[in-house]
Every structure is written in structure tokens, then in C-alpha cells.
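[1] All I have is the shape, not the residue letters:
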């Protein structure tokens, strides 16, 4: 691994936790001691305790992809196949959280994150929906307020993974198709867009991987899966290096009791790697303590 990453890693040893899946995605740490993840192409939700076999939680999922929690600890999922954001209640029942914007169906919601005020932000790229079936003219980043109102935060080319800066004033959004880069959407205190800029260029000659899932650690470093592995950026956008795993990941999450275990969802497998700096705790974790 690159020298610039050496101080960030507790160890260079990457551990494969489980394999035999079709396309893993949607990683999320639960403070009860396990990670959620989805097997996207067979519509299944799993959970895994470190050192144990994966367990099936939900089958089918509606082609779930990105996941997060709301402030009550309920699992929120981007159900691409059903073109909606869904929520799984404590009894395991799944219900729609939002399916339309201004009366029009979403394209194929991809990834989702929760802000500390309870707002849910998600990406909705349009490329994978046939043109004749699209009801929204463009792809975008949306916000669901705690009282259930949905608004468009920003139009994007092909928005994918997203994550907040530690102060929640910047929402990073990975752009996957055509040009490969990370947006920085600067927000006001109410969560509305103030301005936008390019945070990092992720164009590459690497043949495998695109800008996709993203997380931020407590010091503001941005970890984004992309060409060749997981790209790591300093808060000012400097490229620090690429964490290379046996399979190129589509997403990642910080977890473990100290939030210093990086969990990668990478094609047919899931992997872990220990780092020195913890990831940002989900807002629900803070209310739960």
C-alpha cells in the first residue's frame, strides 16, 4: 500500500470474512455487534458477526443497495427494483418511506445516509432505467425531512455513494459514469445547497471499479471505492493512496466497537482491515448510548 497510507493503517493484513456471494453492497455496522450487507443481484440482506458465518436476514429485498439507519435505529434501504426508499421496522416488516417526488416515481435509488437532525439524503441515478420508463427527467440527490417532506438537493450526472463531512456542512457525492469524480455539495444549516465544487478527480487507467460507496473518518478523510480499490483523500482533496483488496469493492463501512474496522463489500466477498482513526459514528449510535 502507498506510503501515505501507512500511518492510517493499524495493519496491512486484509481478512476475508465470507465469500460465495454474487455482488455484495450496502455495508452498515450495527452497535449490537454485527455488519449488515446485501447480496445485490439475488435480492438478499445478510448480517455477519466478525469471525462467524453470515446469516440471512431478508429475502427478497426489492433489490436493496445502499443502507443506513434512521434516528430510531430502523434500517433504511434503497430498493432499486421497487424504485423507492424503504424502512424495515423492528418486527422485520418492510414499508415504503418515499416512492415519488412531485408525483413522479424515482429512477433507481442507490445509496443513502442519515444526518444528525434525522433527515435522510439519498442518490437517484437514472441511467439504469429504460428511457421510456423514466418519470424524472434528471438524476439527483434528494432529502427527506423528519416530517416526511422530500426535496431535490442537487441535480448530478450519475450520483452514487454519499457521505457527510464531520461538521455535516459538506455532502460528498461520488459521480460514477462519464466523468469520474467526487462532488462536494456545501449545505447551509437547514440542509439546503449553497454551492457545489469538485472535491477530487477519480479518473484512472485502472480497468476495474468506478467511484461508488463512500465514508468519512472523524478527521475528515474521505474513503471512496473506485478504480483499483478504495481511494483515500485528505480533507483538502489530496489523494493519499489506494487500499487494494483481493476483489475491488463497491462499498465500505467503519465498524467494530471502536469504529476502526473497515468492512469492504467486494464482489463475491466481504473483507476487513484495521485502521488507526475511527469512522464517524452514525447519529443513532450517539442517541443510543
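    Yep, that arrived. Quick caveat, the model's predicted, so the values are computed rather than measured.
[2] Quick check: which ranges of the stretch 1-150 of the chain have low pLDDT?
    Screening the stretch 1-150 of the chain residue by residue with the criterion pLDDT under 70, one finds the ranges 1-3.
[3] at 90 instead, please
    Within the stretch 1-150 of the chain, the ranges that satisfy pLDDT under 90 run 1-4, 6-7, 11-12, 126-131, 137-138.
[4] Would you agree residue 259 is in contact with residue 279?
    Yes - the pair residue 259 and residue 279 qualifies as a contact (Cβ atoms under 8 Å) at a distance of 4.8 Å. Bear in mind the C-beta positions are built from the backbone N, C-alpha and C, glycine included.
[5] Which one's more surrounded, the two?
    Set side by side, residue 259 and residue 279 give different neighbour counts by other Cβ atoms under 10 Å, the larger being at residue 279 (25 against 21).
[6] so how far is residue 220 from the more buried one?
    Distance, residue 279 to residue 220, by Cβ to Cβ, to the nearest Å: 11 Å.
[7] Residue 238 too?
    Summarising the geometry, the distance separating residue 238 from residue 220, computed by Cβ to Cβ, is 12 Å.
[8] Which one's more surrounded, the two?
    In this comparison of residue 238 against residue 220, neighbours counted by other Cβ under 10 Å, the higher total goes to residue 220 at 16 against 11.
[9] which one is that one nearest to, not counting chain neighbours?
    Taking Cβ to Cβ, 6 or more residues apart in numbering, and ignoring the residues beside it in sequence, residue 220 has residue 235 as its nearest neighbour in space, at 3.6 Å.
[10] In which helix or strand does that neighbour reside?
    For residue 235, there is no host helix or strand (DSSP states H and E).
[11] from what I can see it touches residue 218, true?
    No - taking contact to mean Cβ under 8 Å, the distance of 11.1 Å between residue 235 and residue 218 leaves them out of contact.
[12] rewinding a little: what's the overlap in contacts for residue 279 and residue 220?
    Contact criterion Cβ atoms under 8 Å, 6 or more residues apart in numbering; residues shared by residue 279 and residue 220: none found.
[13] Let me see the ranges of the strands in the stretch 101-250 of the chain.
    For the stretch 101-250 of the chain, applying DSSP state E, counting those that start in this stretch gives strands covering 104-105, 112-114, 120-124, 139-144, 150-156, 159-164, 170-175, 181-187, 193-201, 214-216, 222-226, 229-233, 239-243.
[14] Go through those strands and pick out the most buried.
    With neighbours defined as mean count of other Cβ atoms under 10 Å, the strands of the stretch 101-250 of the chain peak in mean count at strand 222-226, which reaches a mean of 27.
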